[in-house]
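# Sequence and predicted structure below; questions after.
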Amino acid sequence: MKIRKGDEVIVIAGKDKGATGKVLRVDLRAERVVVEGVNLITKNIKADQQRAGKESGRVTVEAPLHVSNVALVEDGKPVRAGYRFNDDGTKVRISRRSGKEI
């Protein structure tokens, strides 16, 4: 998967198309990412009886998106990512649009 935690991405499909945000979590097995402020859902939570202070109520949280519905952002535009090996042998991600390292 070419998208990692901390990357700036744009949503290219779905109800939040055009929204940008930072990747908070990546699930490699399910090929899903959680993006900050995107794909918000409302969850009903119960009061936790073991720990005092936790109250019940409704909480808005980010739900995972499939990785095919997001793209890396460079200068506000979606870009595809590729790989290149440096002279010292390290593998780095590059932008297919400009060739710069991500």
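Okay, I see it. Numbering: from 1, shown residues only.
# Pick out the residue nearest the middle of this structure.
The centroid of the chain falls nearest to V23 when counting by C-alpha atoms, centre = their mean (3.0 Å).
# how far out from the middle of the chain is stretch 20-39?
Between the centre of stretch 20-39 and the centre of its chain there are 3 Å (C-alpha atoms, centre = their mean, to the nearest Å).
# Looks like G37 contacts E62 (just checking).
Yes: using C-beta atoms under 8 Å, G37 is in contact with E62, at 7.1 Å. For every residue, glycine as well, the C-beta is placed using N, CA and C.
# And these two? Which one has more around it.
Ranked by neighbour count (other C-beta atoms under 10 Å), G37 and E62 place E62 first, with 17 against 12.
# what stretches of this structure score poorly on pLDDT?
49-53 (pLDDT under 70).
# Does anything pack onto the longest strand along the chain? Which helices or strands?
If you go by DSSP state E, the chain has its longest strand at strand 20-27. Contact partners of strand 20-27 among helices and strands, from 3 or more C-beta pairs under 8 Å, 6 or more residues apart in numbering; DSSP states H and E: strand 8-11, strand 32-35.
# Looking at the ones you listed, which is nearest to S68?
Distance to S68, taken as C-beta to C-beta, is lowest for strand 32-35 among the helices and strands packed on strand 20-27, at 9.9 Å.
# How far away from the center of its chain is the helix or strand just after the closest one?
Note on strand 32-35: by DSSP states H and E, the next helix or strand toward the C-terminus is strand 40-45. Offset of strand 40-45 from its chain centre (C-alpha atoms, centre = their mean): 19 Å.
# Fine, thanks again, bye for now.
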